[in-house]
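Enquirer: just the structure for this:
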Amino acid sequence: MSTFFMFGKYSQEALKKINARRTKKAIETIEKFGGKIVSMYALLGEHDLVLIVDFPKTEEVMKASVALNQLTGISFTTLPAISVESFDKIVENL
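Expert: Predicted coordinates:
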């Protein structure tokens, strides 16, 4: 499994439809594509949400991102992440 940060931005229409049921459907959508929620946060500033998720492959997180946008009207910017320990090993011999 690989870790991804999914930064969400509400559209005006998406703001009108905020509710716990939609959040549950979003979690189910992530799970449908093989993902697992590590944590979710509401934010202030440039992004409105961040989801920290694990997915088996990049293709699955891409499908989930598009499906979430279709479901919620929230657009996501999705970034892969690795631990600092893993990063240190990768760059150790540069």
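Enquirer: list the contacts of Met40.
Expert: Thr23, Leu49, Val50, Leu51, Ile52 (Cβ atoms under 8 Å, 6 or more residues apart in numbering). In short, each C-beta sits where N, CA and C put it, glycine included.
Enquirer: report the beta-bridge partner residues of it.
Expert: Leu51 (DSSP bridges).
Enquirer: which residues are in contact with Ile74?
Expert: Gly8, Lys9, Tyr10, Ser11, Ala14, Asp48, Leu49, Leu68 are the contacts of Ile74 under Cβ under 8 Å, 6+ apart.
Enquirer: now the buried members of those residues.
Expert: By neighbour count, with 16 or more other Cβ atoms under 10 Å, these hold Gly8, Tyr10, Ala14, Asp48, Leu49, Leu68 as buried.
Enquirer: helix or strand: which one has the third one?
Expert: With secondary structure defined by DSSP states H and E, Ala14 is part of helix 12-16.
Enquirer: C-alpha coordinates for that helix, PDB please?
Expert: Coordinates of each C-alpha in helix 12-16 appear next as PDB, following Å, rounded to 0.1, in the frame of the first residue of the first chain:
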ATOM      1  CA  GLN A  12     -20.100  26.500  -4.200                       C
ATOM      2  CA  GLU A  13     -22.500  23.700  -4.900                       C
ATOM      3  CA  ALA A  14     -20.500  21.200  -2.800                       C
ATOM      4  CA  LEU A  15     -20.700  23.600   0.100                       C
ATOM      5  CA  LYS A  16     -24.500  23.500   0.100                       C
END
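Enquirer: could you list the buried residues of it?
Expert: Using 16+ other Cβ under 10 Å as the test for burial, helix 12-16 gives Ala14.
Enquirer: for it, give the mean pLDDT please.
Expert: For helix 12-16, mean pLDDT is 90.
Enquirer: how far out from the middle of the chain is that helix?
Expert: 19 Å (Cα atoms, centre = their mean, to the nearest Å).
Enquirer: kindly report the same for stretch 26-37.
Expert: 10 Å.
Enquirer: quick one on the thing from earlier: out of the buried ones among the contacts of Ile74, which sit inside helices?
Expert: Ala14, Leu68 (DSSP state H).
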